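Novice: One predicted model, sequence on top.
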Amino acid sequence: MTCLRRSLILFLVATALMTKAESVPLLSIDSLIRQMTIEEKVGQMTQVDLGVIAKGSICNLDEPRRLDSEKLRKAMEVYKIGSVLNVGCGSGTIPLTDWRLIIGQLQSENRLRSRLEIPILYGVDAIHGVNYTVGGTLFPQPIGQAATWNPTLVEKANEITAYETRASGIPWNFSPVLDIGRQPLWSRFFETYGEDVILSSSMARAAINGLQGSSLNDRYHVSACMKHFLGYSFPLSGHDRTPAWISPRELREYFLPTFKAAIESGARTVMINSGEINGTPVHADRSIVTELLRNELGFKGVAVTDWEDIYKLVDVHHVAANRRAAVKLAIDAGIDMSMTPNDFEFTELLISLVYSGEISEARIDTSVRRILQLKQDLGLFDQTVYPSSDYPEFGGETHSRWSYTVAAESITLLKNDQKVLPLNLTKEKVLVCGPAANSLNLLNGGWTHTWQGVDTRFNTPGKTTIYDALYAAAPKGHVLYAKGSSLDSVENLDECLKLAATVDKVIVCLGEQPCTEIPGNINDLSLPIAQVKLVQALLASGKPVILVCCFNRPRIIHSIAQESAGIVYAYLPGDEGGRAISDCITGKVNPSGRLPFTYPAATNALMHYDHKASEELDIDFSNHAYRPDFDFGSGLSYTTFSYSGATISKKSIAANDSIIIQVTIRNSGDCPGMEVVQVYYRDLVASITPPVKKLLTFQKIYLENGQEKKISFTIHPKDLSFINKELVRVTEPGEFELMIANQKIPFHVE
Ligand code: GLC
């Protein structure tokens with residue numbers, strides 16, 4: 001019997017078992033727990049990688065990936081595992097039908113092999129769409145989604161991601177990353193929603209609502225997993241998983257709010273930070289995993305470790321003498337499930353700790369209850385893989401259009417001297433060059449088909465690069481191409497310069513190696529010298545140069561930004577990014593993205609827009625030290641917007657007042673456009689050094705040319721609060737200033 005035939009029969013059997021399986025009569029969770037052995041309970045707390053149960057060797061699996069019955073027997077009958085994740089270390093994306101076959105078979109085998117038939121919970125990283133399912137819709141990375149300043153769009157992107165994740169048979173997405181992006185060196189900066197608490201919290205709510213919807217028990221929503229709790233994004237060195245020094249006050253001021261917002265939105269699971277804060281690895285820190293997360297924030301869901309992080313308490317952090325001690329530390333801290341992920345040592349050690357009485361059975365019952373509740377709420381006891389006919393939009397045009405819309409609204413126009421943009425390709429000839437000009441991988445970044453996103457084999461056919469899109473938008477001969485430079489080395493520069501001499505303008509598409517986590521560590525934000533040299537050579541040609549930046553993080557472009565006529569920051573715009581960039585620079589779309597971070601002028605000038613006054617003191621004792629290349633919230637349009645008539649309903653505000661802020665915005669230019677109305681404030685004197693400005697609220701609006709709108713915001717004194725020395729969120733009385741564009745309004749809080 002051929003392999004294909006066997007697979008087909010297996011698929012039909014698995015599907016039959018799943019679709020016809022009468023729903024398992026659902027016992028109450030507590031009665032289920034009462035029936036469970038210690039081994040079954042600890043098994044529920046064990047999560048292994050697909051590689052542990054698939055054919056082949058653990059980091060070199062057979063293709064196509066299929067379950068191995070002997071490995072299944074061991075995992076299910078001996079260790080009674082409760083969860084599986086991802087695609088097998090070292091492996092990549094899986095075809096939709098294979099996902100459905102694997103998960104259908106996993107559940108049916110589990111019914112046959114496990115005494116209580118508790119379904120397996122499958123989790124996957126779907127960071128910017130279903131990056132591990134072939135042909136799935138890939139959105140801009142989270143940093144670009146934040147740049148839209150449009151939470152409705154971000155919710156839609158996550159809703160579609162949930163749809164396609166469930167289509168793959170997977171009910172749990174290890175997303176969103178809610179670590180605040182305040183260390184631009186960090187390799188995962190692109191996975192954050194940027195540096196600001198208000199913008200990031202708004203995106204956090206949107207992501208949770210999009211992924212989870214109003215009920216987890218439906219075929220189009222999944223459980224989210226807010227990560228990585230917390231303080232993971234602020235390593236002192238900028239290197240992933242290295243020490244973070246964050247005081248309890250700063251932790252609550254900057255790193256906690258996004259998780260608080262996600263919990264308020266109903267986030268059902270959390271993944272713990274692999275790193276350490278102030279000398280304590282978070283996986284061993286009860287003050288964070290239990291006291292802060294559960295007692296202070298009221299989180300009631302499942303806390304899963306990150307990759308092998310219990311063992312890392314021994315091997316990396318050296319806070320446990322051996323793995324048995326590490327398991328005790330992590331369980332005492334409050335961990336519910338161990339992403340163990342390549343063996344069963346965690347399972348054996350925890351069973352031993354319970355039998356010895358070092359960990360009570362009541363303690364593991366607490367975790368098992370959370371895990372079973374999640375499985376029940378996800379509907380896994382009734383149905384796990386829904387019919388593929390329920391997902392007609394998977395990877396289709398409708399979803400691609402949404403991905404395009406998110407990308408188009410994220411693109412940020414940072415510079416446009418002499419209106420060098422938009423291009424008029426019917427009259428102008430352009431040269432497109434640079435490492436990101438003709439690459440899909442550099443538009444997507446890490447977590448794309450493979451962990452690091454560098455493999456070109458799995459790219460979805462038919463997606464267009466920046467060059468493809470510009471070429472298609474122009475008369476023949478008006479768009480020329482020469483690479484000019486790879487990421488790190490100049491290539492055929494002469495040809496590039498020769499072509500530059502024949503065109504009107506030059507588009508240099510700068511890029512960064514797709515990466516994530518430790519492989520993405522750098523020691524310098526500077527743009528690789530080869531790309532700088534390419535731009536400098538083209539600038540010397542005398543033709544107007546437009547930079548298009550497709551970076552994971554704000555690489556330093558100061559030396560080339562000054563002379564470049566135009567700068568477009570595209571973040572990592574996803575599979576539709578080529579078209580979105582082309583449509584923005586040719587004027588089909590009026591750019592409306594705004595930076596979700598402060599763009600540093602130098603690799604060590606890492607300040608934020610909400611810096612303190614002391615950071616402005618310059619070497620000449622003026623207060624101009626804060627000189628980023630581009631400010632948080634900045635971004636140009638092909639039209640202009642004018643602000644007038646900013647008012648506040650009360651100039652003196654009592655504690656329980658609500659205040660109406662109004663401002664009129666007019667599109668004073670000659671084309672329609674979207675503007676992000678940003679309301680900032682300053683607390684002039686406070687018991688903690690106050691930021692020079694802080695985002696209070698925002699709203700993205702569309703205006704036809706000549707149209708004007710009066711926008712209203714309702715705020716409350718609590719919106720002006722901060723964390724004081726006693727770690728309490730307070731709004732102190734005193735003088736404040738409201739700032740909207742060029743309008744300033746002083747007001748008083750009683
Ligand atoms: C990785 C990442 C985490 C991811 C997990 C599973 O180490 O830190 O974000 O969800 O492992 O892939």
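Specialist: Structure received.
Novice: and the stretch 151-300 of the chain, which residues reach the ligand?
Specialist: Residues of the stretch 151-300 of the chain lying close to the ligand (C-beta under 6 Å from any ligand atom) are 174, 227, 271. The way it works is simple: take the backbone N, C-alpha and C, and place the C-beta from them, glycine included.
Novice: can you pull up the bridge partners for the last one?
Specialist: Here Met271 shows beta-bridge partners Lys227, Val304, assigned using DSSP bridges.
Novice: That one - how many residues pack around it?
Specialist: Met271: 25 surrounding residues under other C-beta atoms under 10 Å.
Novice: re the thing from before, now flag whichever of the residues of the stretch 151-300 of the chain next to the ligand is closest to Val432.
Specialist: In terms of C-beta to C-beta, no member of those lies closer to Val432 than Phe174, at 36.1 Å.
Novice: Next up, identify which helix or strand the closest residue to Thr192 other than its chain neighbours is on.
Specialist: Closest residue to Thr192 apart from its sequence neighbours, by C-beta to C-beta, 6 or more residues apart in numbering: Gly181 at 3.4 Å. Under the criterion DSSP states H and E, no helix or strand holds Gly181.
Novice: ok and the residue in the stretch 151-300 of the chain nearest the ligand?
Specialist: Residue nearest to the ligand within the stretch 151-300 of the chain: Phe174 (3.6 Å; C-beta to the nearest ligand atom).
Novice: For the stretch 451-600 of the chain, just list every one of the strands.
Specialist: 479-481, 505-511, 545-550, 566-569 (DSSP state E, counting those that start in this stretch).
Novice: Can you tell me which of the ones you listed is nearest to Ala261?
Specialist: Nearest to Ala261 among these is strand 566-569 (25.7 Å), distances taken as C-beta to C-beta.
Novice: as a whole number, average confidence for the closest one?
Specialist: Averaged over strand 566-569, pLDDT sits at 98.
Novice: From the rest of the structure, what touches it?
Specialist: Outside strand 566-569, the residues that touch it by C-beta atoms under 8 Å, 6 or more residues apart in numbering are 147, 411-417, 420-421, 544-549, 551, 557, 561, 581, 584-585, 591, 593, 595, 599, 630.
Novice: Can I get the buried part of these as one ChimeraX selection?
Specialist: Selection of buried members from the contacts of strand 566-569 for ChimeraX, criterion 16 or more other C-beta atoms under 10 Å:
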select :147,411,412,413,414,415,416,420,421,544,545,546,547,548,549,551,557,561,581,584,585,591,593,595,599,630
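Novice: who's in contact with the nearest residue to Ser114 once chain neighbours are set aside?
Specialist: Spatial nearest neighbour of Ser114, chain neighbours left out: Met76 (5.6 Å); criterion: C-beta to C-beta, 6+ apart. The contact partners of Met76, by C-beta under 8 Å, 6+ apart, come to 109-110, 113-114.
Novice: Then Phe190?
Specialist: Counting by C-beta under 8 Å, 6+ apart, Phe190 touches 141-144, 445-446, 551-553, 571-572.
Novice: Up against the ligand, what does this protein have?
Specialist: Within the chain, the positions near the ligand by C-beta under 6 Å from any ligand atom are 85-86, 125, 174, 227, 271, 306-307, 517.
Novice: Quick check: ChimeraX command selecting the buried ones in these.
Specialist: The buried subset of the residues of the chain next to the ligand, as determined by 16+ other C-beta under 10 Å, is captured in ChimeraX by this line:
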select :85,86,125,174,227,271,306,307,517
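Novice: right, and the residue of the stretch 151-300 of the chain closest to the ligand touches Met226 too?
Specialist: No - between Phe174 and Met226 there is no contact under C-beta atoms under 8 Å: 9.6 Å.
Novice: Would you mind listing the residues touching both of the two?
Specialist: Met271.
Novice: Show me where the stretch 251-400 of the chain has its helices.
Specialist: Secondary structure of the stretch 251-400 of the chain (DSSP state H, counting those that start in this stretch): helices at 257-264, 286, 312-315, 323-333, 345-355, 361-377, 397-410.
Novice: what is the mean pLDDT for the second one?
Specialist: Translated: helix 286. 98.
Novice: give the contact list for the closest residue to Glu345 other than its chain neighbours.
Specialist: Of all residues not flanking Glu345 in the chain, Arg323 sits nearest, at 6.1 Å (C-beta to C-beta, 6+ apart). The contact partners of Arg323, by C-beta under 8 Å, 6+ apart, come to 310-311, 314, 345-346, 349.
Novice: 7 Å instead?
Specialist: If you count contacts by C-beta atoms under 7 Å, 6 or more residues apart in numbering, Arg323 has them with 311, 314, 345, 349.
Novice: can you list the residues you listed in TSV and add neighbour count and distance to Gly169?
Specialist: TSV is the format used below for the contacts of Arg323 (neighbours: other C-beta atoms under 10 Å; distance: C-beta to C-beta, whole Å):
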residue	neighbour count	distance to Gly169
Tyr311	24	29
Val314	18	35
Glu345	15	28
Leu349	23	31
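Novice: CSV for those residues, including pLDDT and distance to Cys509?
Specialist: Putting these into CSV (pLDDT from 0 to 100; distance: C-beta to C-beta, whole Å) gives the following:
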residue, pLDDT, distance to Cys509
Tyr311, 98, 42
Val314, 98, 45
Glu345, 98, 47
Leu349, 98, 51
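Novice: Please settle this for me: is the residue nearest to Ser114 part of a strand?
Specialist: No - secondary structure of Met76 (DSSP: H, G, I helix; E, B strand; the rest coil): helix, not part of a strand.
Novice: Could I get the contacting residues of the closest residue to Thr290 other than its chain neighbours?
Specialist: Spatial nearest neighbour of Thr290, chain neighbours left out: Gly334 (3.7 Å); criterion: C-beta to C-beta, 6+ apart. With contact set as C-beta under 7 Å, 6+ apart, Gly334 has these partners: 286, 289-290, 294, 303.
Novice: And Ala436, by the same measure?
Specialist: By C-beta under 7 Å, 6+ apart, the contact set of Ala436 is 442-443, 466, 509-511, 548, 550.
Novice: Quick check: the two most widely separated of those?
Specialist: Using C-beta to C-beta, the two most remote members of these are Leu443 and Leu510, lying 12.2 Å apart.
Novice: hey, what's in contact with both of the two?
Specialist: With C-beta under 7 Å, 6+ apart, Leu443 and Leu510 have common neighbours 436, 550.
Novice: Since that was my last question, I'll sign off now.
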